[in-house]
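Undergrad: could you work out the structure for the sequence below:
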Amino acid sequence: MTNRRMLIAICVSGFLAVALGAFGAHSLRPHLSDHQAAIWDKAVAYQFYHTLAALIAFVLYDVKYVRYLLTAAYLFLIGVAVFSGSLYVLATADLTGFPKDVAGPLTPVGGILFLLGWGTMIFAVVKYPKLSDK
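TA: Sure thing, here's the model as predicted:
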């Protein structure tokens, strides 16, 4: 993926976080139990957090050219797709009929991808002190 496409993917993730948050709050909420709504809200929150993390990692990569930061941005975006995506499916499984036993095991995989993204950023900062220099 080119840097331009990566930046577009990050922006699309942010756009979707806003759109899915609004959809969940206004259109979907009446059809969900409190537990399902909480799952939806968790998906939106983690999508926001890690979209911003991906953007920060990407911008730092673009300025400092430390390849590990681009890797972290990828891990965050893939984590958003897996973690938040599986939670969106779980929250709406009763409405869509999608089997929970398919989506449920994916959620921790997405969480591991988030952890790998943060770990990769830590590694980049430790290995390349120039990241924290002005």
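Undergrad: from here on, just use CA atoms for contacts and neighbour counts.
TA: Will do.
Undergrad: can you count the residues close to residue 26?
TA: Residues lying near residue 26 (other C-alpha atoms under 10 Å) number 10.
Undergrad: what about the helices in the chain?
TA: 3-23, 34-64, 67-79, 85-91, 93-96, 100-103, 106-127 (DSSP state H).
Undergrad: now the last one: buried residues?
TA: Of all the residues in helix 106-127, those buried under the rule 16 or more other C-alpha atoms under 10 Å are 106-107, 110-111, 113-118, 120-121, 124-125.
Undergrad: now do stretch 66-85
TA: So for stretch 66-85, counting by 16+ other C-alpha under 10 Å, buried means 66, 68-85.
Undergrad: excluding its backbone neighbours, what's nearest the residue nearest the centre of the chain?
TA: If you average the C-alpha coordinates of the chain and look for the closest C-alpha using C-alpha atoms, centre = their mean, you land on residue 80, 2.5 Å from that point. With C-alpha to C-alpha, 6 or more residues apart in numbering as the measure, residue 47 is the residue that lies nearest to residue 80, at 5.5 Å, once sequence neighbours are left out.
Undergrad: do you know the pLDDT at the one you found?
TA: At residue 47 the predicted local confidence, pLDDT, stands at 98.
Undergrad: what about it, how many residues nearby?
TA: 27.
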